[in-house]
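A.B. asks: here you go, sequence then predicted model.
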Amino acid sequence: SICRFIIIMGKKNALVEKEKKEDEADVEEDEFEEETRELQVVEVGDFVKVKQSFDESVVKAVLEMDYLEDHYWDNIKLALMVIACLFAMVAQFYPMPFPESRPLLGTCCVAYFASSTILQLIVTYIEKDCIMTTLPVKNEQIKNENENTEVSHNIRSTNGLRISTIFPRFSYDFTVIVQENLKEDSNSPPTNEVCSMRFKIHDYLTEEGKFDDDRFEKHVQSVVKDYENQQFYMDRLWIQSKKDKSQ
């Protein structure tokens, strides 16, 4: 029996050593991929460019989770811009001498400023800090994702997601907010079902401007998954809550 025990322990030790070697090989492979992967370079002194780069990574992360972007308000803004440009072109190039063209010029100016005003109101009061909205996910797609999950993902099939970001000037905090994309004509009351996570930009951006967008996108997807699993929170700091778990 002693010999049998020694043989069993020897096999276990061999399996443990094999798993350690595999883990070390995986770590070395990940480090090699991170070293060889060409990181995106961002001008760290340009506040607008830094926010744009982080916003683009947030959008990319959400779209990789099988969400489709809702372009409803984007299409309306484009239509307003086209209308404003058309009135400007008519005012500039319509073949009519000046004294007789005064009513036409007045109409074009009023229409141009009206379109511009409506466009600015949409950006200020409807979109606010929102960088994207998504369409609801079809129930068939949700069932195919994971039929055995214990968590209900019906939250994905209601109104879609509204993704907002906040990046104050001269700040190191980049906040990602995930919430339901409630329609303007909806009678539903405001909800506190929000996932709001603050990220430190220096965790993903070096002094030389190299942006580790892949790692940031994985962390953003983790926040979206929290919302899908109905694990809501407000103004949580990633370093304290999740960073250690993801490394």
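C.D. replies: Cool, got the structure. Quick caveat, the model's predicted, so the values are computed rather than measured. Residues are numbered from 1 along each chain as shown.
A.B. asks: center of this protein, which residue is that?
C.D. replies: Nearest residue to the geometric centre of the chain (CA atoms, centre = their mean): residue 58, 2.7 Å.
A.B. asks: hmm, who's touching the helix or strand containing residue 132?
C.D. replies: For residue 132, the host element (DSSP states H and E) is strand 130-133. With contacts defined as CB atoms under 8 Å, 6 or more residues apart in numbering, strand 130-133 is touched by 55, 58-59, 62, 69-70, 72-73, 160-165, 181. C-beta coordinates here come from the backbone N, C-alpha and C atoms, glycine included.
A.B. asks: ok so, going back, name the nearest residue to the residue nearest to the centre of the chain, ignoring sequence neighbours.
C.D. replies: residue 220 (5.3 Å; CB to CB, 6 or more residues apart in numbering).
A.B. asks: pLDDT on the helix or strand that contains the one you found, on average?
C.D. replies: In the assignment (DSSP H and E), residue 220 maps to helix 213-228. Helix 213-228 comes out with an average pLDDT of 93.
A.B. asks: pull out the buried positions in it.
C.D. replies: 213-217, 219-224, 226-228 (16 or more other CB atoms under 10 Å).
A.B. asks: swap in stretch 62-75?
C.D. replies: 62, 65, 67, 69-70.
A.B. asks: how long is that stretch from one end to the other?
C.D. replies: 20 Å (CA to CA, to the nearest Å).
A.B. asks: hmm, back to that, most widely separated two among the buried residues of stretch 62-75?
C.D. replies: 65 and 70 (14.7 Å; CB to CB).
A.B. asks: quick one: the helices in the chain?
C.D. replies: With helices called from DSSP state H, the chain shows them at 2-36, 47-63, 72-93, 102-121, 139-145, 213-228, 238-241, 243-246.
A.B. asks: could you give the mean pLDDT of the fifth one?
C.D. replies: Taken as a whole, helix 139-145 has an average pLDDT of 51.
A.B. asks: cool, and the last one?
C.D. replies: Computed over helix 243-246, the mean pLDDT rounds to 46.
A.B. asks: give me the number of residues near residue 48?
C.D. replies: 10 (other CB atoms under 10 Å).
A.B. asks: any idea how far residue 207 is from it?
C.D. replies: Separation of residue 48 from residue 207 (CB to CB, to the nearest Å) stands at 19 Å.
A.B. asks: residue 59 now?
C.D. replies: Applying CB to CB, the value for residue 59 to residue 207 is 26 Å.
A.B. asks: who's more crowded, these two?
C.D. replies: Using other CB under 10 Å as the criterion, residue 59 and residue 207 rank with residue 59 on top: 19 against 7.
A.B. asks: mind listing what that one touches?
C.D. replies: Contacts of residue 59 by CB under 8 Å, 6+ apart are 69, 131-132, 163.
A.B. asks: let's have those in JSON lines, adding pLDDT.
C.D. replies: Formatted as JSON lines, the contacts of residue 59 follow (pLDDT from 0 to 100):
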{"residue": "69", "pLDDT": "93"}
{"residue": "131", "pLDDT": "94"}
{"residue": "132", "pLDDT": "94"}
{"residue": "163", "pLDDT": "95"}
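A.B. asks: between those residues, which is nearest residue 238?
C.D. replies: Nearest to residue 238, judged by CB to CB, of the contacts of residue 59 is residue 163 at 16.1 Å.
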